[in-house]
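# The following comprises the amino acid sequence and a computationally predicted model.
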Amino acid sequence: MCLLALLSCKTGNKKVLLPNVSGKAGEVLVVIERQEWEGNLGVAIREALAMDTPYLAQREPLFAVSNVPPGSFSSMFKVHRNLLLVNINPQNANNGIVYKYNVWAQPQAVVQLDAADAEQALELFREAGVTTAEFFEQSERDRVIGNAKLYEERELQAPMEKVTGGIVHFPSGYRCRMVTDDFVWMADEKQYVQQYVMAYKYPASGDDVFSLENIILKRNEVMKANVPGMFEGSYMTTSTAQEPTTRSLRYRGRAFMETRGFWEVHGDFMGGPFVSHSFYSPDGKDIIVLEAFVFAPRYDKRQYLRQVESLLYSFEWKTQE
């Protein structure tokens, strides 16, 4: 008991062991007065957090958003995985938005909005709506990565390192379907849901290596050569029904170009969403691409894609260890 007390409590900084979070993946609980939830502020929150998830065949919200008034915010709700606390009070000393981790549980993401009145709260959230959504999104990814490291298939590090020079942390259930000198394919295949991660590389040449046109051109070349369909002459390619999009991102010091779109199988009727990260190798000679995609024709795909996309964010250069 004495040992437990020493581990769970530190005098001075009040460091204590926290319970595990509650709630389902992809849920956000908004603590807000009913009148504000039904007004313009509530509309802005739902527009930012419950907008349609991009590049899914069916309409699915980015997050499942629910609300509870502050007077009902009991200990049962305080351990929720994702919390948005809206505190509107003319006596608030410091108005703004603060992002916190592990306030009442772990691994927990908490966003606290303090404002003097509803108009100021609306202005603050409109400025920070995208950042708030990305904060919750990355928190969901971090939970997936933490679970992957806890139950990692460590034998999959070697084939990933062979191709990319780095590793991805794959959880139990994944296996290596294929590996060559410049292509590797990892898969978690269940009866009705298949989740995949691929990695490949090609020489970096030209000034527009990260243009959408070049990324898709190289992607189609790699997929045609390495990912055959079920029928003779069929192969994976990029769907032209909706043009993919790119954006430049940075995560933990690594800059990359994110591409989102739909994949399909030429000569078949299979398809689904994909997301990829393209970046330079450490020596700048190659472009490394990490790609995640899912095939789940019977189910909503938001959470399955979020799970496998999260693994891309677990990438780390082996030389850094």
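Arrived safely, thanks for sending. Note that the structure is a prediction, hence the values are computed from the model and not measured.
# for stretch 258-276, which positions count as buried?
258-265, 271-276 (16 or more other Cβ atoms under 10 Å). The C-beta positions use only the backbone N, C-alpha and C, and glycine is treated the same way.
# Point out the ones among those that are inside strands.
Residues of those located in strands (DSSP state E): 258-265, 271-276.
# Report the lowest-confidence entry in those.
Lowest pLDDT among those: Gly271, with 88.
# who's the nearest residue to it once chain neighbours are set aside bridged to?
In this structure, Gly271 finds its nearest non-sequential neighbour in Glu264, 3.9 Å apart by Cβ to Cβ, 6 or more residues apart in numbering. Counting by DSSP bridges, Glu264 forms beta bridges with Thr237, Gly271.
# Test my guess that Glu264 contacts Met236.
Yes: using Cβ atoms under 8 Å, Glu264 is in contact with Met236, at 7.5 Å.
# and stretch 108-127, how far apart are its ends?
Counting by Cα to Cα, to the nearest Å, you get 23 Å between the two ends of stretch 108-127.
# Stretch 56-68 now?
Terminal residues of stretch 56-68 are spaced 29 Å apart (Cα to Cα).
# Can you give the distance of that stretch from its chain's centre?
Chain-centre distance of stretch 56-68: 15 Å, with Cα atoms, centre = their mean, to the nearest Å.
# Repeat that for stretch 291-304.
13 Å.
# Just the buried residues of it, please?
Glu291, Ala292, Phe293, Val294, Phe295, Ala296, Lys301, Arg302, Gln303, Tyr304.
# Surely the fifth one is in contact with Asp268?
No: in this structure, Phe295 sits apart from Asp268 without contact. The criterion is Cβ under 8 Å, and the distance is 11.4 Å.
# Show the contacting residues for Asn95.
Asp114, Ala115, Ala116, Gln120, Leu124 (Cβ atoms under 8 Å, 6 or more residues apart in numbering).
# surely the second one meets Ala121?
Yes: between Ala115 and Ala121 a contact is recorded at 3.7 Å, counting by Cβ under 8 Å.
# shared neighbours of the two, which are they?
Contact criterion Cβ under 8 Å, 6+ apart; residues shared by Ala115 and Ala121: Val86, Ile88.
# Would you state the strands of the stretch 201-321 of the chain in chain order?
Taking DSSP state E, counting those that start in this stretch as the test, the strands found in the stretch 201-321 of the chain are 235-238, 245-251, 254-266, 271-280, 286-295, 316-317.
# who wins for proximity to Met186 among the ones you listed?
Evaluated over those, closeness to Met186 peaks at strand 286-295, with 9.7 Å, by Cβ to Cβ.
# can I get the CA coordinates of the closest one in PDB?
This file holds the C-alpha atoms of strand 286-295, laid out as PDB (Å, rounded to 0.1, in the frame of the first residue of the first chain):
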ATOM      1  CA  ASP A 286      14.200   9.300 -52.900                       C
ATOM      2  CA  ILE A 287      10.500  10.000 -52.300                       C
ATOM      3  CA  ILE A 288       9.100   7.800 -49.600                       C
ATOM      4  CA  VAL A 289       5.300   7.200 -49.700                       C
ATOM      5  CA  LEU A 290       3.300   5.700 -46.900                       C
ATOM      6  CA  GLU A 291      -0.300   4.800 -47.800                       C
ATOM      7  CA  ALA A 292      -3.300   3.600 -45.800                       C
ATOM      8  CA  PHE A 293      -6.600   2.300 -47.400                       C
ATOM      9  CA  VAL A 294      -9.600   0.200 -46.400                       C
ATOM     10  CA  PHE A 295     -12.100  -2.100 -48.000                       C
END
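# rewinding a little: pipe the strands of the stretch 201-321 of the chain into a markdown table and attach distance to Thr131 per row.
Formatted as a markdown table, the strands of the stretch 201-321 of the chain follow (distance: least, Cβ to Cβ, whole Å):
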| stretch | distance to Thr131 |
| --- | --- |
| strand 235-238 | 30 |
| strand 245-251 | 14 |
| strand 254-266 | 17 |
| strand 271-280 | 20 |
| strand 286-295 | 23 |
| strand 316-317 | 25 |
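# Let me know the average pLDDT across stretch 89-100.
Computed over stretch 89-100, the average pLDDT equals 91.
# For it, output the C-alpha coordinates as PDB.
Provided in PDB are the C-alpha atoms of stretch 89-100 (Å, rounded to 0.1, in the frame of the first residue of the first chain):
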ATOM      1  CA  ASN A  89     -19.300  34.000 -17.600                       C
ATOM      2  CA  PRO A  90     -18.900  37.800 -17.500                       C
ATOM      3  CA  GLN A  91     -16.500  37.300 -14.500                       C
ATOM      4  CA  ASN A  92     -14.100  35.100 -16.500                       C
ATOM      5  CA  ALA A  93     -10.600  36.600 -16.000                       C
ATOM      6  CA  ASN A  94      -8.900  35.000 -18.900                       C
ATOM      7  CA  ASN A  95     -10.900  34.500 -22.100                       C
ATOM      8  CA  GLY A  96      -9.700  32.200 -24.800                       C
ATOM      9  CA  ILE A  97      -9.300  28.600 -25.700                       C
ATOM     10  CA  VAL A  98      -6.900  26.200 -24.000                       C
ATOM     11  CA  TYR A  99      -5.900  22.700 -25.100                       C
ATOM     12  CA  LYS A 100      -5.200  20.100 -22.400                       C
END
